[in-house]
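**Q** Kindly return the folded structure for what I paste below:
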Amino acid sequence: MSFLEGRRLRRPRMAAWSRALVRETVLTPADFIWPIFVIEGQNERQAVGSMPGVERLTIDLAVEAAKAARAEGIPALALFPNTAPDKRTEDGREATNPDNLVCRALSAIKEAVPEVGLVADVALDPYTSHGHDGVMDGEEILNDETVDILVEQSLVQARAGADIIAPSDMMDGRIKAIRATLDVEGFEKTLVMSYAAKYASAFYGPFREAVGSGSRLKGSKLTYQMDPANHEDAVREVGQDIFEGADWVMVKPGMPYLDICRMLKDRFDVPVFAYQVSGEYAMIAMAGNAGAIDKDAAMTESLLAFKRAGCSGILTYFALDMARKLNS
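**A** This is a model prediction of the structure:
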């Protein structure tokens with residue numbers, strides 16, 4: 001007789017209490033990093049048109065957002081600046097200004113809400129006039145010249161209060177250079193979370209609007225971000241970044257690359273994070289607002305999928321909404 005004979009696989013699903021007992025994947029507010037967009041000014045909110053429910057916040061309101069995150073048990077925020085046009089240059093040098101928008105935001109939040117971890121994005125696209133993540137020579141992104149600037153950017157962010165330095169630029173060798181400089185400058189306790197497997201994706205459009213770089217972008221980022229057709233590239237990128245000193249690694253985008261999340265989790269003994277990027281958020285939010293899907297149910301299901309795929313944490317614009325739902 002087969003061991004399955006007489007077995008009813010539906011039986012454990014028949015009641016809420018039995019489903020809870022055998023549930024394999026659980027979400028908590030501690031699984032989330034909440035991305036926040038910051039702008040200059042005072043007590044001002046700007047809606048991001050392509051991301052319903054997401055706003056750019058002045059620093060004082062970003063501090064209040066951090067307090068809300070703390071109240072709901074969200075452990076960390078990731079900050080992204082919308083840099084004024086007159087501060088954007090070909091070389092993105094505003095990124096290394098210790099008094100730039102994101103550094104002031106880091107300092108203000110860290111002083112007001114020291115318990116919340118702060119993730120600082122390291123890349124030049126919010127600061128360049130051309131919208132690319134590095135310095136350009138004609139149409140070419142210069143790797144080593146960009147890395148030199150990224151190292152300076154990382155240092156001013158660490159001094160401003162960043163707990164996690166998160167390079168998202170995809171230049172070769174930047175993890176080793178950043179880690180070495182942080183250690184020499186006394187920031188050996190500062191974590192490095194590498195955007196190690198960052199794909200050249202169509203899902204970044206709303207984010208580029210939010211930080212003001214989308215209309216400036218000249219050409220594509222295919223020469224430095226990864227080809228969506230490849231998965232072994234992710235293994236090489238992650239392996240190199242771990243070797244160079246990354247504490248954590250990230251896959252970006254998230255849901256279209258859950259196979260990459262699981263593969264990296266199985267192959268490497270480091271925490272793997274995923275970024276549920278702006279385009280993913282927008283699809284769920286807009287479809288929910290249109291009545292095409294149940295927004296809350298889709299939000300929950302999508303975030304569970306990241307945990308099921310092996311992610312230690314998720315960067316998501318749903319963080320506060322999901323945390324409040326879980327806590328209720």
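**Q** So which residues of this protein form helices?
**A** Applying DSSP state H to the chain gives helices spanning 16-22, 59-72, 101-112, 143-160, 174-184, 205-211, 232-244, 258-267, 278-289, 295-308, 319-327.
**Q** what about dumping the CA coordinates of the longest one to CSV?
**A** Coordinates of each C-alpha in helix 143-160 appear next as CSV, following Å, rounded to 0.1, in the frame of the first residue of the first chain:
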residue,chain,number,x,y,z
ASN,A,143,35.0,52.3,-13.5
ASP,A,144,38.1,53.3,-11.5
GLU,A,145,37.4,57.0,-11.5
THR,A,146,33.9,56.4,-10.3
VAL,A,147,35.1,54.1,-7.5
ASP,A,148,37.3,56.8,-6.2
ILE,A,149,34.3,59.1,-5.8
LEU,A,150,32.2,56.3,-4.3
VAL,A,151,34.8,55.8,-1.6
GLU,A,152,34.5,59.5,-0.6
GLN,A,153,30.7,59.3,-0.8
SER,A,154,30.7,56.3,1.6
LEU,A,155,33.0,58.0,4.1
VAL,A,156,30.8,61.2,4.4
GLN,A,157,27.7,59.0,4.8
ALA,A,158,29.4,56.9,7.5
ARG,A,159,30.4,60.1,9.3
ALA,A,160,26.9,61.4,9.0
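**Q** sorry, back to before: nearest to Trp34, of the helices of the chain?
**A** helix 319-327 (3.6 Å; CB to CB). For every residue, glycine as well, the C-beta is placed using N, CA and C.
**Q** got the helices of the chain as CSV, with mean neighbour count columns?
**A** As requested, the helices of the chain are arranged in CSV below (neighbours: other CB atoms under 10 Å):
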stretch, mean neighbour count
helix 16-22, 9
helix 59-72, 18
helix 101-112, 21
helix 143-160, 21
helix 174-184, 19
helix 205-211, 21
helix 232-244, 17
helix 258-267, 18
helix 278-289, 20
helix 295-308, 18
helix 319-327, 19
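**Q** Serialize those to TSV and add fields for distance to Asp31 and mean pLDDT.
**A** What follows is the helices of the chain, written out as TSV (distance: least, CB to CB, whole Å; pLDDT from 0 to 100):
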stretch	distance to Asp31	mean pLDDT
helix 16-22	18	92
helix 59-72	12	98
helix 101-112	21	98
helix 143-160	24	97
helix 174-184	24	98
helix 205-211	21	90
helix 232-244	21	97
helix 258-267	13	97
helix 278-289	16	98
helix 295-308	6	98
helix 319-327	9	98
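**Q** That concludes my questions; thank you for your assistance.
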